[in-house]
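J.: My questions are about this predicted structure, shown below with the sequence.
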Number of protein chains: 6
Amino acid sequence: MRPNRLRELVTLKRPAINAWLSCNSGYIAEVLGQCGFDSVTVDLQHGQFGMDVVPSLLQAISSTDAMPLVRCAENSFGDINKILDSGAYGIICPMIDNRQDAERFVRACRYPPLGARSYGPARGLLYGGSDYFDAANDTLLTLAMIETIEGVKNIDDILDVAGLDGIYIGPNDLAISMGINPGGSWEAAELGVTICHIVERCQTRQKYVGIFCGDMAMASAMKERGLNMLTPGNDIQLIRSEAGSRLAKLRE
Amino acid sequence: MRPNRLRELVTLKRPAINAWLSCNSGYIAEVLGQCGFDSVTVDLQHGQFGMDVVPSLLQAISSTDAMPLVRCAENSFGDINKILDSGAYGIICPMIDNRQDAERFVRACRYPPLGARSYGPARGLLYGGSDYFDAANDTLLTLAMIETIEGVKNIDDILDVAGLDGIYIGPNDLAISMGINPGGSWEAAELGVTICHIVERCQTRQKYVGIFCGDMAMASAMKERGLNMLTPGNDIQLIRSEAGSRLAKLRE
Amino acid sequence: MRPNRLRELVTLKRPAINAWLSCNSGYIAEVLGQCGFDSVTVDLQHGQFGMDVVPSLLQAISSTDAMPLVRCAENSFGDINKILDSGAYGIICPMIDNRQDAERFVRACRYPPLGARSYGPARGLLYGGSDYFDAANDTLLTLAMIETIEGVKNIDDILDVAGLDGIYIGPNDLAISMGINPGGSWEAAELGVTICHIVERCQTRQKYVGIFCGDMAMASAMKERGLNMLTPGNDIQLIRSEAGSRLAKLRE
Amino acid sequence: MRPNRLRELVTLKRPAINAWLSCNSGYIAEVLGQCGFDSVTVDLQHGQFGMDVVPSLLQAISSTDAMPLVRCAENSFGDINKILDSGAYGIICPMIDNRQDAERFVRACRYPPLGARSYGPARGLLYGGSDYFDAANDTLLTLAMIETIEGVKNIDDILDVAGLDGIYIGPNDLAISMGINPGGSWEAAELGVTICHIVERCQTRQKYVGIFCGDMAMASAMKERGLNMLTPGNDIQLIRSEAGSRLAKLRE
Amino acid sequence: MRPNRLRELVTLKRPAINAWLSCNSGYIAEVLGQCGFDSVTVDLQHGQFGMDVVPSLLQAISSTDAMPLVRCAENSFGDINKILDSGAYGIICPMIDNRQDAERFVRACRYPPLGARSYGPARGLLYGGSDYFDAANDTLLTLAMIETIEGVKNIDDILDVAGLDGIYIGPNDLAISMGINPGGSWEAAELGVTICHIVERCQTRQKYVGIFCGDMAMASAMKERGLNMLTPGNDIQLIRSEAGSRLAKLRE
Amino acid sequence: MRPNRLRELVTLKRPAINAWLSCNSGYIAEVLGQCGFDSVTVDLQHGQFGMDVVPSLLQAISSTDAMPLVRCAENSFGDINKILDSGAYGIICPMIDNRQDAERFVRACRYPPLGARSYGPARGLLYGGSDYFDAANDTLLTLAMIETIEGVKNIDDILDVAGLDGIYIGPNDLAISMGINPGGSWEAAELGVTICHIVERCQTRQKYVGIFCGDMAMASAMKERGLNMLTPGNDIQLIRSEAGSRLAKLRE
């Protein structure tokens, strides 16, 4: 099976720089894959599209060296099965608050006996290779999002679940869950402490840990702390940031 | 945040006239928005499309003065989150039978602490404005469909749920639930009594109440009773009605 | 080959009542086909879609008894070939001003030696049947739009072209070409005279003649004159007309 | 209501030969419907598309004599309702392990009082006919997939559920559930015994039974055993098989 | 008719800052419209999409204050008619080399007697308003691209054509036409001189002049020279520029 | 620039086995690319789709080792430019009858000074590499279809055109042009002689020559004659052939 570069980067102790796709354009997906990102995550949760466009977005990413990942819209067995069959090499699942949530997530991602994923790998077979069934459970990456106080409390229970590779931190929802407005500084009081606690638990237990970074200062700080995956903003933030800067220069 | 015209109409004590979109055409969506309807509801339950086309249908409506609403396909946390992120200004949720259903619905629609909606407002931010997070809970309209006998029995429990604005009545499913064929006269025996009971409970408790009307006689009667929202048929009924009339004239 | 009902209606001396599709919804296309229209014309000229959706719109119409027609966007060999391969049973071609235009149109519609249509009937074969190649030239309907003064002047030259079945009149562009604003009464002075002249030339020469009717009075008048095809407005006019009437009743 | 040919074939004691669509092309769907298959199943579980394209795929099949079926992605009330409203004449539901699963499935497929399907038949009405509501419960086919050991154990409980027509066997997931790799011979040891047991239970109880066949030897064997529905591979297997054979000949 | 803000900016002697869309995402289109650009140009020439998506891209832009423009793929009567009917408020036409090209372009853009545009304004009517037919010829902007040596030679002939508003300069094709590789500095020797000559001819004759700018230095220089429209790169350049910068920081 | 494998196969004196895509499914496109074909040709002429889906079909092929080719719908400058910008590595152009046709075709395919292709390589740059502009003229394959008697007469004039790589033979249209029904044996009388003549002219002049083969006997014969490219049927023929064979076995 085609190896998962994100696992190789762990061995190399290098962070994966991950792009985040929230628009439905295969062209943008391919551009991000060509830019040098190690992976591109198709965001089905807050992205502006549904399941129909996922196969072609993953095909677009597959024509580049970047690993194709998907954040599913919710912890749904049927959706996650479909996404993996379309060739995703990893799933980021939102709103994992406790062990049961994590078990349900793994059940959808792994073939028996580890999970209950249904057989029919479709595009996964084309992208992964003919030994897909034998190697998929060891190759595909499964990341649970911790983004509530409840999730933080249950982090060790969550990390105990066999078949789960690690955690992807959602700072905005975590902030809201703590009564803090989203979009502020990640270091603010309790939020920073909590994020660092999650990272520490993952690293102590040698689990994968990634995070969405609202700005570059946060991304740099997270790199310093040795996280496995850094997402320096999404496609819309990239385009707005550069457009805003160019407009400002020409409107001076 | 852009104000919700449907709330203004409540203050003005004028009914909202609502269009109902069951085809996947953005052009039809925009035409309905331009016709003079106060809102256009994208019907994901019985409409002939899925989630992928929702953002472009809402964009089409957003280029008019009509408020963009969505009837979700079911009471799904993930779906409702996505729909709101695409810029819907209200959700009509089918098959709310009891307090738990209503609580689950509100949980998906409202940001914490009122609910558990995940942060990532995407197109909502473009349409609503930069203060979207602060004002969304007070702006977006949440209507639970009562369309079974069980829902009628539990109406007061349902109306008790904080964060729920009111009720949207589904007469056809309600009729079926009472053993009456759909598509008949709304005034028939028990059905009319039941509909009036629902309206009365909402009005007594100063909650929003709207209804889908199979014909214009029903729409006029509902207007008389002071409902907040009247839907005089869907797109298909409009086109079939006029086409049928023109065909009949030319075939005489 | 599946017979062309529009040709049967000529024999029966009954007018075809034709629907006009300008939105991209296959559901609306099927609804119009089910309503009782004899044909549904997919409008690629002023319709809000391009070539990609044409096959599925024609499939939608093909699941009904209505004949699938297309108005092409312009007199393009490649476009017309594609449209016929997708299973259209007739083409209405805009802006035919003279014999050369008409010859070019026929060249795209008919297999050699009558024309130069390229072989590859694709969906045409599925809908038409296995003898498609042998019978297509005699089955598919070719209608040239006369919608300029120049076209009117050259009508006899146009009708002389072998392989052309007749004329479809475009009253709005014809009016503009005569210096009259579109959307007015068809009977206005010169416009009505000109339309009647076109009809007379076709009927005298036993050619097919159809027309787009902006209102029902015009449709009825054209029926009286014995035209072969009447189009009583397009999808948008149907929906706007009924929506406007319902809104007016509820806003009284 | 348009009769369900699959029910007629049961009366005629002839097996339905069923095609399986896993790509999103309406053209392929129509080709399969024209080839001579008795039904075409749109596979929403492992197929490479989502809900948005379903209506147009069903329209494509509806323009042929083949019955339009859908395998849903999972046992979801909302999804199954939508699929039926789009005109499917039968649902194959994956992963039915016990009576509760089967009851939940039937609840989504049948109108009250047998189930809780919501009213709004949309395209179903166009394809089925104006008496759709009265006849749908008796016309539409409901097949539960048995594809785990647990399902096999509970087969009699499952078959007891009123409103369920029968079983569709998924040999690959069944094999995996028994610790056998998918894609091998169906006769292998326990797998063949188990499949025959399922068939026997259905036939004894006069329930419908169909199966997906990985190769033609299996399809022939299943035909011998008198199953009601045989699926001789999916679209991808058809195209790969013939392409592989042609490539081999030209590469010799 | 809704006024064309680009004409107002001419009166205000302020340059329009124009965004350039080459991906097929309505979400990106709306984001660009919200960013503060005065117009967004949908690029059908080198953009990665065809005609089907144009109406929804224009709807997306129409829900913002930015003016919706389109660069057509070529000087095609049918294509330009369709684009205007979809609500574009201006057309940029590539490869205008001489007076005949320019006349052909204007013929497609203007209603008679100025041109030969066919009547059927569809979405144009929704976006523009009910007096669209009367005001369209004076409102919609028509810009001919000069991007070859031949076009430069014939610039005065081109500017003479009634109904043409001005010129949009394509520096890359112009460079290639002069034997210079694209993507270099615009000031390079002859290229800069030629660009300035085009600008001077337009300004002397009080015609509109805009330009695509490969980098911000060029955009600033063009602003200094008083051009009416500046395009500071396309969507892909914006996203690549910011992505490249963020990747570089994190890879240091 | 990524090398064109079809040129390498010429050097290796091995024929390219080419797949032909006439459906709009990216999944089928990728499957064909994975099957072992050397190239996959997206057929815009008789295929059931338009320009909008082309970029995603080419992305699908690009994720495999097969070379992405396109048959354009007609000899259109704008269309061919767009197709190349979407990353096609070769164009097959229908209906080239004489030198002027061939020159027009080359003009659209080659950058100046060889042709007049407009600069904006978009996806071509992603798939081809950063030196695309410098190497494209030497890398991309240009094949003119000869499929009429007139084309055969002018074959030497056509082959004289600089920048044209060779010929792709269309036997069906050629047959029709000779008064022979399509779909018969290629060896029939004059048709076989004519095909062999075309092949001989190309080979004598060391030009590329390919052909569409209606059956495997023809494909084998053409292989024997040393053609550079063999297309053993299209996607629909592959699927119908295998489906027909399986249905026949099960219906025995």
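T.: Perfect, I can see it now. Numbering: from 1, shown residues only, chains lettered A, B, ... in the order given.
J.: what about the helices in the stretch 101-250 of chain A?
T.: Taking DSSP state H, counting those that start in this stretch as the criterion, the stretch 101-250 of chain A carries its helices at A:122-128, A:132-139, A:149-153, A:155-159, A:171-177, A:189-204, A:216-224, A:235-251.
J.: is the third one up against chain B anywhere?
T.: No. Helix A:149-153 is not in contact with chain B by C-beta under 8 Å from any C-beta of the partner chain; minimum separation 10.0 Å. All C-beta spots, glycine's among them, are computed from the backbone N, C-alpha and C.
J.: what sits up against that helix?
T.: Contacts to helix A:149-153, defined as C-beta atoms under 8 Å, 6 or more residues apart in numbering or on different chains, come from residues A:95-98, A:145-146, A:158, A:174, A:177-178, A:194, A:197-198.
J.: Quick check: buried residues in it?
T.: Buried residues in helix A:149-153, counting neighbours by 16 or more other C-beta atoms under 10 Å in any protein chain shown, are found at A:Gly151, A:Val152.
J.: for stretch A:123-132, same thing?
T.: Per 16+ other C-beta under 10 Å, stretch A:123-132 contains these buried residues: A:Arg123, A:Gly124, A:Leu125, A:Leu126, A:Tyr127, A:Gly128, A:Tyr132.
J.: before we move on, what about stretch A:185-198?
T.: By 16+ other C-beta under 10 Å, the buried positions in stretch A:185-198 come out as A:Trp186, A:Leu191, A:Thr194, A:Ile195, A:Ile198.
J.: what's the spacing between it and its chain's center?
T.: 20 Å (C-alpha atoms, centre = their mean, to the nearest Å).
J.: quick check: mean pLDDT across it?
T.: Across stretch A:185-198, pLDDT averages out at 91.
J.: circling back to that earlier point, which of the buried residues of stretch A:185-198 lies closest to chain D?
T.: Nearest to chain D, judged by C-beta to the nearest C-beta, of the buried residues of stretch A:185-198 is A:Ile198 at 31.0 Å.
J.: isn't that closest one right up against A:Gly166?
T.: No. Counting by C-beta atoms under 8 Å, A:Ile198 does not reach A:Gly166; the two are 10.3 Å apart.
J.: ranges for the strands of the stretch 1-150 of chain A?
T.: A:16-21, A:39-43, A:67-71, A:90-93, A:141-146 (DSSP state E, counting those that start in this stretch).
J.: Can I get the ones you listed in CSV including mean neighbour count, mean pLDDT and distance to E:Val42?
T.: CSV is the format used below for those (neighbours: other C-beta atoms under 10 Å in any protein chain shown; pLDDT from 0 to 100; distance: least, C-beta to C-beta, whole Å):
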stretch, mean neighbour count, mean pLDDT, distance to E:Val42
strand A:16-21, 26, 98, 21
strand A:39-43, 27, 98, 24
strand A:67-71, 28, 98, 28
strand A:90-93, 28, 98, 33
strand A:141-146, 27, 98, 36
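J.: Quick one: closest of those strands to E:Ala19.
T.: strand A:16-21 (19.7 Å; C-beta to C-beta).
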